[in-house]
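Asks: what shape does this take:
(2 chains)
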Amino acid sequence: MLEHEQRPLAGDRFSSALDDAEPQGGRYATHGARRGLNPVKLIVSALRGTLVESRVVVGLGLVIAGMVWAIFRGLHFYGLSPVHLAYDLDQPPWLLLLVSGWLWYRSRRQ
Amino acid sequence: MILPQIQIARAHWILGALFLAIVLDEYLPLIGGDGRPTRSRSVVVPWALIVGAAGVWATVVFSDVVHDMLVHFLWGDILFAAGALELARRRGVYERPWLDVVLPLAFLSCGILFLVHVEIDPTGQGAHWHLAMGFLLIAAGVLDLVRVLRRRSPVIPLALLPLMGFALALIAIPVAAAS
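Replies: Residues are numbered from 1 along each chain as shown, chains lettered A, B, ... in the order given. Okay, the predicted model is just below:
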């Protein structure tokens, strides 16, 4: 029996562009270079590889956004007690880092 | 009970971060065991919608303006219904073709609620921001609805852009309001 997250949903039954994407963009580009493919196609396939790894890319973007935010708006330190720790973490830069961490955790191969 | 501005900002930061995590997890592809990108079907997403609904309902309790109470109550209802339906679907206990449009319709109706909020109180604080956020949600709902109805799924759906814009606005605007 399939796990909950592996069960196909009605929305996943239709033909999907996801199926067209190659497993790993970099590997595909290398194979393409060996075959002597069009450079434009290589760029497109490399771009597709970046899209496939988009969780890591977006996660990195959120880390940068959090750092920029912290530099320009500052971070407040409330203390280390449990209540104060909640206040410490409940600030936009930390929240962006937490979302980024969640994305990276969820970007692992399933 | 009237909450100070910073507490309102904190609630919006958490809600915005939660929403950002939801939409990114839902719409960015995962790498499957065979190395191919697959769509996330995590039950975390519907649970987060339900938790978000509880947060929005809390506003009904803490708000001191009638139309804020009404709009947030309806918003919470929509999030809860969408979360419950998605949870049932992802657990495999309820499967219907129309469930594909639950999330797009939830975004669309939440966007319309933002516009209703502005229509009731056009001179209220942050009316232009509410308008922009409403249009972002409506754009996301329409784009996602078109994607579902066309039965074609790009690697990254276009609806992700307005949804991210909405989530970041939810985080950023209370910062401006609180400072």
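Asks: for chain B, which helix is longest?
Replies: Secondary structure assigned by DSSP state H gives helix B:66-91 as the longest helix of chain B.
Asks: quick one: average pLDDT of that helix?
Replies: Mean pLDDT, computed over helix B:66-91, is 91.
Asks: ditto for stretch B:111-129
Replies: The average pLDDT within stretch B:111-129 is 85.
Asks: and for stretch A:59-79?
Replies: What stretch A:59-79 shows for mean pLDDT is 87.
Asks: and the strand or helix carrying residue B:23, what does it pack onto?
Replies: Per DSSP states H and E, residue B:23 falls inside helix B:5-27. Where contact means 3 or more C-beta pairs under 8 Å, 6 or more residues apart in numbering or on different chains; DSSP states H and E, helix B:5-27 is packed against helix A:92-106, helix B:44-62, helix B:160-178. Any C-beta I mention is one placed from the backbone N, CA and C, and that applies to glycine too.
Asks: off-centre distance for the second one?
Replies: Its chain's average C-alpha position is 10 Å from that of helix B:44-62, according to C-alpha atoms, centre = their mean, to the nearest Å.
Asks: buried stuff in that helix?
Replies: B:44-46, B:48-53, B:55-57, B:59-60 (16 or more other C-beta atoms under 10 Å in any protein chain shown).
Asks: please save the CA atoms from it in CSV.
Replies: Only the C-alpha atoms of helix B:44-62 are listed here, as CSV (Å, rounded to 0.1, in the frame of the first residue of the first chain):
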residue,chain,number,x,y,z
VAL,B,44,1.5,19.5,6.5
VAL,B,45,-0.1,21.9,3.9
PRO,B,46,-3.7,21.3,4.9
TRP,B,47,-2.8,21.2,8.6
ALA,B,48,-1.1,24.6,8.2
LEU,B,49,-4.3,25.9,6.5
ILE,B,50,-6.3,24.7,9.5
VAL,B,51,-3.9,26.3,12.0
GLY,B,52,-3.9,29.5,9.9
ALA,B,53,-7.7,29.4,10.1
ALA,B,54,-7.6,29.2,13.9
GLY,B,55,-5.2,32.2,13.9
VAL,B,56,-7.5,34.2,11.7
TRP,B,57,-10.5,33.3,13.9
ALA,B,58,-8.5,34.6,16.8
THR,B,59,-8.7,38.0,15.2
VAL,B,60,-12.5,37.9,15.5
VAL,B,61,-12.1,37.7,19.2
PHE,B,62,-9.4,40.4,19.5
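Asks: is chain A contacted by the longest helix of chain B?
Replies: Yes: contact between helix B:66-91 and chain A, assessed by C-beta under 8 Å from any C-beta of the partner chain, occurs at B:89-91.
Asks: and those, which of them are buried?
Replies: Looks like the residues of helix B:66-91 next to chain A have B:89-90 buried, using 16+ other C-beta under 10 Å.
Asks: shouldn't residue B:95 be within a strand?
Replies: No: looking at residue B:95 with DSSP: H, G, I helix; E, B strand; the rest coil, it is coil, so not inside a strand.
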